[in-house]
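Visitor: Sequence unavailable; structure follows:
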């Protein structure tokens, strides 16, 4: 039947709210504190956002049913520049953003007019997101809701920042940051369009000289200065003459712009065409040797300085460019003569290469000109092998013998110390744009406040935490280790945006990622803030020290804060009960920043017993195979999707589309398919009444055993956050078992299975509850159960209720039916008679003896045969060696769990079982009588001598 999703979901949301279903306080149960990254309210949530929150909600609902006291709270991140940048764009009547708000998100025009005020934006989308979360059925304790500009939260952030500064983990100095030139602010992931984390590369600028000018060339490999034979300039580029501090430089226009942010004084003196520099000679800084400037089309003005040094022995681009010039004939004869005199200088010795690795690789790959894309492949191959396996040759002077992997920093320091080089920092993942639309750069900030994430001891403690905690999925753990390795100083303050003032310097505001790393602890306070038990008026660091770090005296804290001691004690108990965070959910894009900072700041502030215990990381969501973006028109606001399709179908479609770390490919066809599946399941549940059936027949014992196995599989999958697998098992994979069960009962014309189906469907509905909570509540009620399914006990697996014999016997029946069907398919026969032959008791005894030996690890045919012959009960096996060989093969081809089931089932009478269960079923399947014999029956019908081929669990079949 077609379900009215809106009515069902509204009904159960209202009941949950009326019963305060998800509000939780400390009690005597074990607790689970599950949190998910709080949203920025600068737009409504769309389908992509729904994934992370839905996964976390399933996790919370599962553990609530497992008997835990689960706290699952939510807050809203107002601080930072995203909302500020958005307000500026609206104030300037930016058509793109205004059209998106109207057309994509359906924001009324009167609301958009108010969006020139940043907090109005946040407040509007705060309510929009919250309503969407409620409509999605998230089991959130809304009493703990807060925003990051609440006065008490600001006090909490002041305490955090002061604590880190006292531990000397916040430092002041000059460090590089991503920077918006327009807003004059550092930028991080949440400040940029597309949520891109600015990442930068350090180039070493080698200073060659041309008359009075420095010609700086950017390189990532300063050791190659010993192999330079010429410079490359693009004749199509116009270069800028600039004074950098006290030196005259020639660089590209883009480089000059970047240098302005490198803590250098840059003035512009004029320009010169690249073509005018071709053929001139520059002096190599460390050896007073003159080398020519030549032209090359691969040189780009946007990268480095727009001038490149040439190392043709080790750089395939350089080698090929020289070869191209020699062949071109478009250059002055006297310069051609000088070019032909240029000889590559080999400076790195690497196993597998000779004197000129670049030449060898270019020729191997068949490269014929400098525009060949295979040059990139050649470069990666050489650089990789030289970096990890190369060492510097004797012509590198005092650096001779140093491994290339260790040479960079040593030679960089030598070059800078001797004023042969400088530093240029450049964004690696360009272009990165601030939310105001401006392209970002790297800026060296002076007297800025930084979190010193470069501190080795801090990294060591954080690594200890990562090593001890559970990371799901496990393969993401290496990414955290990588981030900890490269992490350096990070700006923790800015001068614009919403947020908490820096306690010791009110000109600065705490940066938005820095104020969102330990806020999970604040959830234990926020309900007391919301009911006005705590106000910001008298809060001091003594209060937070006492609550979070168990420091100080409660009497003194009470005197300072004007909060009664009993109240302070209750607040502290709340924190002590719920902390630490048991599971932290977030998207993969937050691994390089928030999730790593979350651990770093926790280990810096809290004692070890309060460190987080688990991080769960999920991939993103694609829409019809493409990344979601407004420009592609494939963003679907979450609330619109709920209105059109229902919350539960959306939840299930999100979960079923991919496992945890995979990118989920979402499409509306899958939502329609899920709707149909839930409606069929609904129909199946409501047609079975809870009557009685006695005694249980073979197929009843089997389906109930399979249901127990389903419970075990689903429980394990959810515990490991393999939610797609769990949902697939509940809704889809189990259908094949039910299909077989219905086939069996139909063959017997049974009408007494309603109780069995009611029992099975009740278990399935309970396990479906974390995934599709509204539909499950409705079905739970229809099945006649009292209370909420979301508060019922999770189905417990019971080994006692798994009947190994019924599982094995039913598998035998299924396989026999399938074997007959396959024979008929291949032979295209119309059977008149089917005869089945089961193995005798001797073969069965031998089979189980072999099975036991294999389960103990013995698989050698010779050894097994020898042991069987040595046993008086199985000595006659020497007459049927082929049987032993085939039996070993049969057993080894099966999964371990099937072998274990056969061990538990022991010997059972295959003939009697098949006589009882196969006869009627086979007749309905194949419309023919089926006879069944044991191979040793005295009255056996065996005209073709098939019986001797029977093996345990492999009956022989004769079709006539």
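Guide: It's in. What you see is a predicted model, and the numbers here were worked out from it, not measured in a lab. Residues are numbered from 1 along each chain as shown.
Visitor: From now on I want contacts and neighbour counts done on CA atoms only, so please keep to that.
Guide: Noted.
Visitor: The stretch 301-450 of the chain: strands as residue ranges?
Guide: Ranges of strands in the stretch 301-450 of the chain, per DSSP state E, counting those that start in this stretch, are 307-310, 348-349, 391-392, 421-427, 441-451.
Visitor: Pick the most deeply packed of those strands.
Guide: Neighbour counts (mean count of other C-alpha atoms under 10 Å) averaged over each of these peak at strand 348-349, with a mean of 26.
Visitor: Let's test this: mean pLDDT of that strand, rounded?
Guide: The average pLDDT for strand 348-349 rounds to 94.
Visitor: cool, and stretch 412-427?
Guide: Stretch 412-427 comes out at a mean pLDDT of 92.
Visitor: how close does residue 785 sit to residue 499?
Guide: Going from residue 785 to residue 499 by C-alpha to C-alpha, to the nearest Å gives 49 Å.
Visitor: And for residue 362?
Guide: On the measure of C-alpha to C-alpha, residue 362 and residue 499 end up 55 Å apart.
Visitor: Settle it for me: which of those two has more neighbours?
Guide: residue 499 (25 against 22; other C-alpha atoms under 10 Å).
Visitor: what's near enough to touch the closest residue to that one other than its chain neighbours?
Guide: Leaving aside its sequence neighbours, residue 499 sits nearest to residue 79 (C-alpha to C-alpha, 6 or more residues apart in numbering; 4.7 Å). Counting by C-alpha atoms under 8 Å, 6 or more residues apart in numbering, residue 79 touches 148, 149, 497, 498, 499, 511, 512.
Visitor: could you redo the last one with a cut-off of 6 Å?
Guide: Going by C-alpha atoms under 6 Å, 6 or more residues apart in numbering, residue 79 touches 498, 499, 512.
Visitor: Now render those residues as a markdown table, adding pLDDT.
Guide: As requested, the contacts of residue 79 are exported to a markdown table (pLDDT from 0 to 100):
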| residue | pLDDT |
| --- | --- |
| 498 | 87 |
| 499 | 91 |
| 512 | 87 |
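Visitor: any chance of those residues in a markdown table, plus secondary structure and distance to residue 353?
Guide: Below are the contacts of residue 79 laid out as a markdown table (DSSP: H, G, I helix; E, B strand; the rest coil; distance: C-alpha to C-alpha, whole Å):
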| residue | secondary structure | distance to residue 353 |
| --- | --- | --- |
| 498 | strand | 57 |
| 499 | coil | 57 |
| 512 | coil | 50 |
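Visitor: between the residues you listed, which is closest to residue 176?
Guide: Residue 176 lies nearest to residue 512 out of the contacts of residue 79, by C-alpha to C-alpha, at 17.6 Å.
Visitor: Wait, the closest one touches residue 80, no?
Guide: Yes: counting by C-alpha atoms under 6 Å, residue 512 touches residue 80, with 4.7 Å between them.
Visitor: Which stretches in the stretch 751-900 of the chain count as helices?
Guide: 754-768, 773-782, 804-827, 841-855, 861-870, 881-892, 896-905 (DSSP state H, counting those that start in this stretch).
Visitor: Just the buried positions in the helix or strand harbouring residue 739, please.
Guide: Here residue 739, judged by DSSP states H and E, is contained in helix 734-747. Residues 734, 738, 741, 742, 743, 744, 745, 747 are the ones in helix 734-747 that count as buried (16 or more other C-alpha atoms under 10 Å).
Visitor: So, low pLDDT: which residues of the chain?
Guide: Counting by pLDDT under 70, the ranges of the chain that qualify are 329-334, 628-634, 688-694.
Visitor: Can you show me the helices along the stretch 151-300 of the chain?
Guide: Using DSSP H, counting those that start in this stretch, helices in the stretch 151-300 of the chain cover 151-166, 253-259.
Visitor: neighbouring contacts of the first one?
Guide: Read that as helix 151-166. By C-alpha under 6 Å, 6+ apart, helix 151-166 touches 170, 500, 503, 536, 541.
Visitor: for the last one, same thing?
Guide: Outside helix 253-259, the residues within contact range by C-alpha under 6 Å, 6+ apart are 240, 302, 305.
Visitor: Return the member of the residues you listed nearest to residue 232.
Guide: residue 305 (11.2 Å).
Visitor: Look up how far residue 229 lies from the closest one.
Guide: Counting by C-alpha to C-alpha, the separation of residue 305 from residue 229 is 18 Å.
Visitor: what do you get for residue 651?
Guide: The value you get for residue 651 to residue 229, if C-alpha to C-alpha is used, is 62 Å.
Visitor: do the same with residue 445
Guide: 36 Å.
Visitor: just residue 174 next, same as before
Guide: Residue 174 sits at a distance of 36 Å from residue 229 (criterion: C-alpha to C-alpha).
Visitor: Comparing these two, which residue is more hemmed in?
Guide: Neighbour count, other C-alpha under 10 Å: between residue 174 and residue 229, residue 229 has more, with 23 against 16.
Visitor: Which phi and psi values does that one adopt?
Guide: Per-residue torsions, residue 229: phi -120, psi -10 (degrees, to the nearest 10).
Visitor: contacting residues for it?
Guide: residue 310.
Visitor: quick one: it and residue 275, what's the gap?
Guide: 19 Å.
Visitor: Many thanks, we can stop here.
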